[in-house]
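Undergrad: sequence first, then the predicted structure, then my questions.
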Amino acid sequence: MTKLSAEQINQLNNYSVYVNQPLHPLFTLHDLLDNEKTAECIKSVQIVSGSPNMTVAASFFMRRVGMFVNMQLYNLAVYDEMWDGDETKMYFGAIEEYGNKTVSTFVAEDDWISVDENEHTDAIKNILVWANKMIRQIRTVTSISPLTLWENIFGFLLWQYHVMLENPATNDVARADLNCLKDDMTWAGISTTSLFAKYLNGREPSEILNTTVRTTCCFSKDVPGLMQCGFCPLKN
């Protein structure tokens, strides 16, 4: 286990990930992955967010989870570290951000591990497997498309890799990690081909940063306090 610096904790907070106990806990990751509790968990997200139905709530929640996934990939590239905690110690709690009620992730400060540079590929695979596990579980209680949930993760990645590739201090490792994400082998057991490579469609993150890349709507337009994304595929 590694000790997080004040800078790292601040970075976590930028991804709406916190290392303290939530004041208003909703459920743990263990609860979410329990077949008998999954629907109740998503229902609590629906209530907090004001989403009109479980499908919108599921997409809303996966956008929040997507921030955690992106935080993992950022920490891996910049600090050679990743979260590796117990399901019972990861909490999702109600919190207010920018005047809106939302759901954020809360984890223990001592649940980070060091990752050697030559272990990044395995680490990225583990992060994707973890995300896929969440997506598969959420879809047991909603009919939402898995592509919608993956695109909820990918949207954050465009800006993140744009920034890291522009920075000489992180360019090399970011390029290696990005190539790993685009490699079909990394997605073995999840998809026959890299879903992220398909999302990029042969282009660099910087090239498509401010373009309509998504092929599905994330339903933000249906959540009170939020609005339709500027690059929603449903926009005329």
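TA: On my side now, so go ahead. For clarity, every value in this text was computed on a predicted model and none was experimentally measured.

Undergrad: my read: K89 touches D111, true?
TA: Yes: with contact defined as Cβ atoms under 8 Å, K89 and D111 form a contacting pair (6.6 Å). Bear in mind the C-beta positions are built from the backbone N, C-alpha and C, glycine included.

Undergrad: which one's more surrounded, those two?
TA: Taking other Cβ atoms under 10 Å, K89 and D111 do not tie; D111 has more neighbours (17 against 14).

Undergrad: that one and I208: what is the separation?
TA: Between D111 and I208 the computed distance is 34 Å (Cβ to Cβ, to the nearest Å).

Undergrad: what does H30 give?
TA: Going from H30 to I208 by Cβ to Cβ gives 37 Å.

Undergrad: do the same with L195
TA: 15 Å.

Undergrad: same deal with R136?
TA: Per Cβ to Cβ, R136 is found 27 Å from I208.

Undergrad: for S51, same thing?
TA: Counting by Cβ to Cβ, the gap from S51 to I208 is 28 Å.

Undergrad: ok, which stretches of this structure are strands?
TA: Per DSSP state E, the chain carries strands over the ranges 17-18, 25-28, 81-83, 91-97, 100-106, 112-114.

Undergrad: which helices and strands does the lengthiest helix in the chain pack with?
TA: Ranked by residue count, the top helix of the chain under DSSP state H comes out as helix 54-79. Contact partners of helix 54-79 among helices and strands, from 3 or more Cβ pairs under 8 Å, 6 or more residues apart in numbering; DSSP states H and E: helix 6-14, strand 17-18, helix 38-49, strand 81-83, strand 100-106, helix 120-138, helix 146-166, helix 171-182.

Undergrad: go with 6 Å
TA: With contacts defined as 3 or more Cβ pairs under 6 Å, 6 or more residues apart in numbering; DSSP states H and E, helix 54-79 has these neighbours: helix 38-49, strand 81-83, helix 120-138, helix 146-166, helix 171-182.

Undergrad: OK, contacts around the spatially most central residue of the chain?
TA: The chain has G66 as the residue nearest its centroid, 1.5 Å off, counting by Cα atoms, centre = their mean. By Cβ atoms under 6 Å, 6 or more residues apart in numbering, the contact list for G66 reads 152-153, 156.

Undergrad: next one: T216
TA: 145, 147-148, 151.

Undergrad: reformat these as TSV; add distance to A123 and pLDDT.
TA: TSV is the format used below for the contacts of T216 (distance: Cβ to Cβ, whole Å; pLDDT from 0 to 100):
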residue	distance to A123	pLDDT
S145	27	95
L147	24	95
T148	26	95
E151	22	95
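
Undergrad: which one of those sits closest to C217?
TA: Using Cβ to Cβ, T148 comes nearest to C217 of those, at 7.4 Å.

Undergrad: next, count neighbours for the closest one.
TA: By other Cβ under 10 Å, the residues close to T148 number 19.

Undergrad: ok so, going back, from E36, how far off is the closest residue in space to the residue nearest to the centre of the chain that isn't next to it in sequence?
TA: Once flanking residues are discounted, G66 sits nearest to I153: 3.9 Å by Cβ to Cβ, 6 or more residues apart in numbering. Separation of I153 from E36 (Cβ to Cβ): 26 Å.

Undergrad: quick check, nearest of the contacts of T216 to D80?
TA: For those, the residue nearest D80 by Cβ to Cβ is E151; the value is 27.9 Å.

Undergrad: state the phi and psi torsions of the nearest residue to that closest one once chain neighbours are set aside.
TA: Closest residue in space to E151, ignoring its immediate chain neighbours: R214 at 5.1 Å, by Cβ to Cβ, 6+ apart. Torsion angles at R214 (phi, psi; degrees, to the nearest 10) stand at phi -60, psi 150.
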